[in-house]
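Engineer: what follows is a predicted protein model with its sequence.
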Amino acid sequence: MWLSADETNVLDNALITMEHLYRSGVVHIQLRRLINEKSKFEIEYSINKTQTLIKDDSENPIDENDGFLQPTEPEKIKFVLTTSEVDDHKRQLTFCNVDLSEAMKSKKILLNEQLKLLDTINNIYSTMIQLEMAGHPDYQLKEETLQLSDRAGEISRILSGVKDNENEEIDILKRLVERQTDRLHLIHQQVVLNYKLWLEHLEEYRKLTHLLQLFSNRQVMILIILLTKSTPDNRMKWNFLKKLHFKSDKNFNDDRELQLTIKSLRHYLRSLRLFTCDLSVENIQRLYDKHQIPNRSNGESCLQKLSAFLKELLNDGKELFMERTAINDNQQYLVTLTHKDQPAEPNPLDHDLDMETFSILINILSHRLPASFQILWCSRATEDDIRLFFIRIKTFYHLTFVIMDIDKMHHRLREILFNEQDTLTKSDRPHGEVYYFSRELTSRKGLRPYLVTPQIRNSMVANGKLNELFQSSNLIKPRLRVICGKAGVGKLNKLICASNDDF
């Protein structure tokens, strides 16, 4: 294989980097999605600067033959490989593998093993991301450090003096680098086990406590964080609330944290639209003190405490099981919206929730002010969100559910959605009314067509029904303000100030 001079330099650098990763490499993983930042991992390694010599007596000139010269402490230059740079490094190593001769035994061993090592690191990171997104409380704002180099420095020592014809040293090197990969593989197995156990615990407690089905995995995680007691060595809730509400608040203290904790809990609980339970600040504070989660509790204990808190506060959700009408055999409907041609240059202000869609929604949900758990927004739904939504449909069969943005789904997720719909059609168990909104679908097996009359499309009628829902629920309509203007006039600052006033 013939390579240009530039390509040869790149591959040589990859081999040099490979050795330095084994000498001093450290992986840093940061999980930051809780505070709406991007999670990432990077690999840091260091190289010693050229060592210099100094003499104790600074008044006399340095003589190279002087026996009193002392080596200085080697200064290190740090380098960081981002996620994309790690991927590039793996590709370069793959190319190097083709060109290395069989005589270069030590480099062959390092190269093959480092490719396995980097794959294992990527697997650990991917599984930790799954745990983070699944809502495991131990994997929020987590910072993990993984050592690539051996702490004893044996790999570095061997690399400094190994010769490719020294079979004994080569065998020792092979065992050492394989041991590093095996150690990280064990870490990956433990992380995978944690993920499986968390999903099993979530499924188990959602069966035991139906109220947990009303919250997404992320919402369950946030509720657990809010119920967990802050300590000096665990400031996750502190950092979350400070980032969410008062990023620049200099007076953010423990009292303020408690106040925002109760307000945030009340916000989540009021979003369920339950009106037969006491959601006063005083009652939430009382039950918060009673069911507070101790620091460093495991995932199952957290779910147990949260379940007890929700059951006592929300009367075990009995209001959601009050029968209102007779249940028909088939309660799945297809709502076909007016088709819209997509413009060549989409307007960022355009939105699928136009007045026609809004009016139909209000007509469908006219008997009860909808809660967020009754609507699935497919454009941002995950596989877990879809499966959880259909569990709600089967559990809370006296409620109405709506599925929006079907046309915007990835084909894989759309297949999962329609498989769930087929299962629901074939099931003999009762389930809630389900309305599928689409501009492209005109018919589907198991879905009844929903007849949209001019009266249903009338926005004035819909607005009147919405006002009636607010009045019957004893709720005040939110006051909405539109803030617009040119870039740099202070729109974001206005929004931050307005949101801070609410807390």
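Structural biologist: Done, it's in.

Engineer: okay, now the domains of the protein?
Structural biologist: What automatic domain parsing lists as the domains of the chain is 5-51+72-196, 209-321, 332-340+351-472.

Engineer: looking at those, which is nearest to Lys486?
Structural biologist: Checking those against Lys486 by Cβ to Cβ gives domain 332-340+351-472 as the closest, at 22.1 Å. Backbone N, C-alpha and C define where each C-beta goes, glycine included.

Engineer: show residues contacting the strand ranked longest in the chain.
Structural biologist: Using DSSP state E to define each element, the chain has its longest strand at strand 40-48. Contacts of strand 40-48 with the rest of the structure, by Cβ atoms under 8 Å, 6 or more residues apart in numbering, involve 17, 20-21, 23-30, 32, 74-83, 86, 121, 125, 148.

Engineer: beta partners of the closest residue in space to Pro74 that isn't next to it in sequence?
Structural biologist: In space, and not counting its chain neighbours, Pro74 is closest to Asn48: 4.2 Å by Cβ to Cβ, 6 or more residues apart in numbering. With DSSP bridges as the criterion, Asn48 is bridged to Lys76.

Engineer: ok, Asn48 - how many residues close by?
Structural biologist: Asn48 has 12 neighbours, counted by other Cβ atoms under 10 Å.

Engineer: how near is it to Leu337?
Structural biologist: 66 Å (Cβ to Cβ, to the nearest Å).

Engineer: quick revisit: measure the residue nearest to Pro74 to Leu441 for me?
Structural biologist: Taking Cβ to Cβ, one finds Asn48 at 65 Å from Leu441.

Engineer: part of a strand, is Phe79?
Structural biologist: Yes. Phe79 forms part of a strand when assessed by DSSP: H, G, I helix; E, B strand; the rest coil.

Engineer: which residue, other than its chain neighbours, is closest to it?
Structural biologist: Nearest non-adjacent residue to Phe79 (Cβ to Cβ, 6+ apart): Tyr45, at 5.6 Å.

Engineer: repeat that for Thr82.
Structural biologist: Glu42 (5.4 Å).

Engineer: pretty sure Ala308 contacts His291?
Structural biologist: Yes. With contacts counted by Cβ atoms under 8 Å, Ala308 reaches His291, the gap being 5.4 Å.

Engineer: the more surrounded of these two?
Structural biologist: Neighbours were counted for Ala308 and for His291 using other Cβ under 10 Å; His291 has more, 18 against 14.

Engineer: show the contacting residues for the more buried one.
Structural biologist: Going by Cβ under 8 Å, 6+ apart, the list of residues near His291 reads Leu227, Lys305, Leu306, Ala308, Phe309, Glu312.

Engineer: quick check: phi and psi at it.
Structural biologist: With angles defined as degrees, to the nearest 10, His291 sits at phi -110, psi 20.

Engineer: check it and give its pLDDT.
Structural biologist: Per-residue pLDDT puts His291 at 95.

Engineer: if I look at it, how far off is Asp278?
Structural biologist: For His291 relative to Asp278 (Cβ to Cβ), the value is 15 Å.

Engineer: just the mean pLDDT for stretch 233-252, thanks.
Structural biologist: Mean per-residue pLDDT for stretch 233-252: 73.

Engineer: next: stretch 44-59.
Structural biologist: 64.

Engineer: check stretch 267-282 too.
Structural biologist: 91.

Engineer: for stretch 412-423, same thing?
Structural biologist: 96.

Engineer: go on, stretch 213-222?
Structural biologist: Mean predicted lDDT for stretch 213-222 stands at 94.

Engineer: how far does that stretch stretch from one end to the other?
Structural biologist: End-to-end distance of stretch 213-222 (Cα to Cα, to the nearest Å): 15 Å.

Engineer: start the count at 32, not 1, going forward
Structural biologist: New numbering, starting at 32: the last item is stretch 244-253.

Engineer: return the distance of that stretch from the chain's centre.
Structural biologist: 12 Å (Cα atoms, centre = their mean, to the nearest Å).

Engineer: returning to what we had before: quick check: ChimeraX command selecting the buried ones in the contacts of strand 71-79.
Structural biologist: The following ChimeraX line selects those of the contacts of strand 71-79 that are buried, judged by 16 or more other Cβ atoms under 10 Å:
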select :48,51,52,54,55,56,58,60,63,110,112,117,152,156,179
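
Engineer: between the domains of the chain, which one is closest to Leu511.
Structural biologist: For those, proximity to Leu511 was assessed by Cβ to Cβ; domain 363-371+382-503 is nearest, at 13.0 Å.

Engineer: nearest residue to Arg418 other than its sequence neighbours?
Structural biologist: Glu451 (7.0 Å).

Engineer: need the contact partners of the helix or strand where Lys496 lies.
Structural biologist: Using DSSP states H and E, Lys496 sits within helix 490-503. Residues from elsewhere that reach helix 490-503, judged by Cβ under 8 Å, 6+ apart: Met386, Phe389, Ser390, Ile393, Asn394, Ser397, Arg399, Leu400, Gln486, Ile507, Lys508.

Engineer: turn those residues into TSV, columns for distance to Ser137 and pLDDT.
Structural biologist: Below are the contacts of helix 490-503 laid out as TSV (distance: Cβ to Cβ, whole Å; pLDDT from 0 to 100):
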residue	distance to Ser137	pLDDT
Met386	71	87
Phe389	68	89
Ser390	73	91
Ile393	72	91
Asn394	74	91
Ser397	75	80
Arg399	71	81
Leu400	70	83
Gln486	81	90
Ile507	74	80
Lys508	73	78
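
Engineer: I'd like those written out as CSV, with secondary structure, neighbour count and distance to Leu500 added.
Structural biologist: Formatted as CSV, the contacts of helix 490-503 follow (DSSP: H, G, I helix; E, B strand; the rest coil; neighbours: other Cβ atoms under 10 Å; distance: Cβ to Cβ, whole Å):
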residue, secondary structure, neighbour count, distance to Leu500
Met386, helix, 12, 17
Phe389, helix, 14, 13
Ser390, helix, 22, 14
Ile393, helix, 21, 8
Asn394, helix, 18, 12
Ser397, coil, 15, 7
Arg399, coil, 15, 8
Leu400, coil, 17, 5
Gln486, helix, 10, 18
Ile507, coil, 8, 12
Lys508, coil, 10, 10
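
Engineer: which one of the residues you listed is nearest Asn128?
Structural biologist: Ranked by distance to Asn128 (Cβ to Cβ), the contacts of helix 490-503 are led by Phe389 at 58.9 Å.

Engineer: could you pull out the strands for the stretch 382-531 of the chain?
Structural biologist: 406-408, 431-435, 464-469, 479-480 (DSSP state E, counting those that start in this stretch).

Engineer: the second one vs strand 464-469, what angle?
Structural biologist: Spelled out, it's strand 431-435. Per axes from the mean of the first three to the mean of the last three Cα atoms, to 10 degrees, the angle that strand 431-435 makes with strand 464-469 is 10 degrees.

Engineer: direction included, what does strand 431-435 pair against?
Structural biologist: strand 406-408 (parallel), strand 464-469 (parallel).

Engineer: whichever of the contacts of His322 end up buried, select them in PyMOL.
Structural biologist: Typed into PyMOL, the line below selects the buried ones among these, using 16+ other Cβ under 10 Å:
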select buried, resi 258+336+337+340
